[in-house]
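> any chance you can model this:
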Amino acid sequence: MAAEEIWTIKAALDFSVGFLSKYGDEHPRLSSEWLLADATGLSRVEVYTNFDKPLSSEEKAQLREGLKRRVQGEPLQYVSGETAFRHIIVKAEPGVLIPRPETEMLVEYALEELKEYSNGAQELLALEVGVGSGCISCSLADELDNVKIIATDISPEAIALASRNRDALSFEDRIRLVETNMADSVQAELEGALDLLISNPPYIPSQYMKALPKEVSLFEPHLALDGGPDGLDIFRELKELGLKLLKPGGIFACELHEEKLEAAKELIDSQYNEVKILEDLVGRPRFIFARRP
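Okay, the predicted model is just below:
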């Protein structure tokens, strides 16, 4: 792509698709659309309605840099700096786990449970442990007007990114972010007060970490992935936290590794009511929901 050459959006898109295909990108057109949209400031739809628009030298440079990072294996979400999650767009950046489509169903099920549970309540209080990018908390606030959320994370990078995503969506008055381990610094004030405890914790069994795709293992934070020998280290802490912080009948919701749901259910069957395993978008067991007695 010569610096002095005039490139239209269509020419840039065609070049990018071919380039990424050559280097083995699994979804070269989708990746090209995101990178081109990021470089030009257009939406992916607008990319297709502005085929004749020439790229500026700055836009070409940004596209070239994005393509270079992508062929080196860097996740597309980090390269473009954002990703879609349910009905919102959130910023994504290295050091913080990238939101997954599977987690959208965690929010979906939580919303269904909250609507059944609330019974016309004026205000609901939720705690998210391990907020990451803020995608779960921001989606709950976006889709349920009467919920307020306290969201915690041990990672300062996660809290900083979640803050930017919260502020960009104007949820400053409904989402409070706290840098702490689990819920240590807010536990006393929340005892018996929660309607929902929700988490997508680190849940990959340690022995599976080496088998992760390089796009994940080389770029995403292991702190947000490794769930200990059986993948349930954080889950064990969460279930005890739920017993202390949830109201009677309050909802416990957690995403886990598909092979560990039955073991997780055995751990909480005697402590919680209405324990159930729910499936993700492709029918794999992925979530555990329960009610505090």
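
> which parts of the chain are strands?
Assigned by DSSP state E, the strands in the chain fall at 82-85, 88-91, 124-129, 147-153, 175-179, 194-199, 246-255, 273-279, 285-291.

> so what's the residue positioned nearest the centre of the chain up against?
Nearest to the mean C-alpha position of the chain, counting by C-alpha atoms, centre = their mean, stands residue 99 at 2.5 Å. Shown in contact with residue 99 (C-beta atoms under 8 Å, 6 or more residues apart in numbering): 77, 83, 85, 90, 92, 132-133, 135. Every residue, glycine included, has its C-beta placed from N, CA and C.

> residue 20 now?
If you count contacts by C-beta under 8 Å, 6+ apart, residue 20 has them with 28, 31-32, 67, 70-71.

> go again using 10 Å as the cut-off
Taking C-beta atoms under 10 Å, 6 or more residues apart in numbering, we find residue 20 in contact with 26-32, 35, 67, 70-71, 76.

> any stretches of this structure with poor pLDDT?
1-4, 120-121 (pLDDT under 70).

> outline the domain layout of it.
Following automatic domain parsing, one gets these domains for the chain: 9-72, 96-291.

> thinking again about what came up before, by neighbours, which of the contacts of residue 20 wins?
Taking other C-beta atoms under 10 Å as the neighbour criterion, residue 32 ranks highest of the contacts of residue 20 with 28 neighbours.

> residues in contact with the residue nearest to that one when sequence neighbours are not counted?
Counting by C-beta to C-beta, 6 or more residues apart in numbering, residue 32 lies nearest to residue 16, which is 3.7 Å off, once chain neighbours are set aside. Counting by C-beta under 10 Å, 6+ apart, residue 16 touches 1, 25, 28-29, 31-33, 35-36, 39, 63-64, 66-67, 70.

> hmm, residue 32 is touching residue 48, no?
No - taking C-beta atoms under 10 Å as the definition, residue 32 is not a contact partner of residue 48, at 11.7 Å.

> where do the contact lists of the two overlap?
Common contacts of residue 32 and residue 48 (C-beta under 10 Å, 6+ apart): residue 13.

> about what we covered before: measure the residue nearest to residue 32 to residue 256 for me?
Per C-beta to C-beta, to the nearest Å, residue 16 is found 37 Å from residue 256.

> do the same with residue 80
Where residue 256 is concerned, residue 80 sits at a distance of 29 Å (C-beta to C-beta).

> more neighbours: those two, which one.
When neighbours are counted by other C-beta under 10 Å, residue 80 and residue 256 differ, and residue 256 comes out ahead with 25 against 21.

> the more buried one and residue 263 touch, don't they?
Yes - Residue 256 is in contact with residue 263 according to C-beta under 10 Å; the separation is 8.9 Å.

> need the overlap of contacts for these two.
Residues touching both residue 256 and residue 263 (C-beta under 10 Å, 6+ apart) are 231-232, 235.

> JSON lines for these, including neighbour count?
Below are the shared contacts of residue 256 and residue 263 laid out as JSON lines (neighbours: other C-beta atoms under 10 Å):
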{"residue": "231", "neighbour count": "25"}
{"residue": "232", "neighbour count": "22"}
{"residue": "235", "neighbour count": "26"}
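
> quick one: which of those residues is nearest residue 179?
residue 235 (21.6 Å; C-beta to C-beta).

> what's the closest non-adjacent residue to the closest one?
Per C-beta to C-beta, 6+ apart, closest to residue 235 is residue 264, 5.7 Å.

> number of residues surrounding that neighbour?
For residue 264, the count of nearby residues is 26 (other C-beta under 10 Å).

> repeat that for residue 25.
Other residues close to residue 25 by other C-beta under 10 Å number 20.

> from residue 244, how far out is it?
47 Å.
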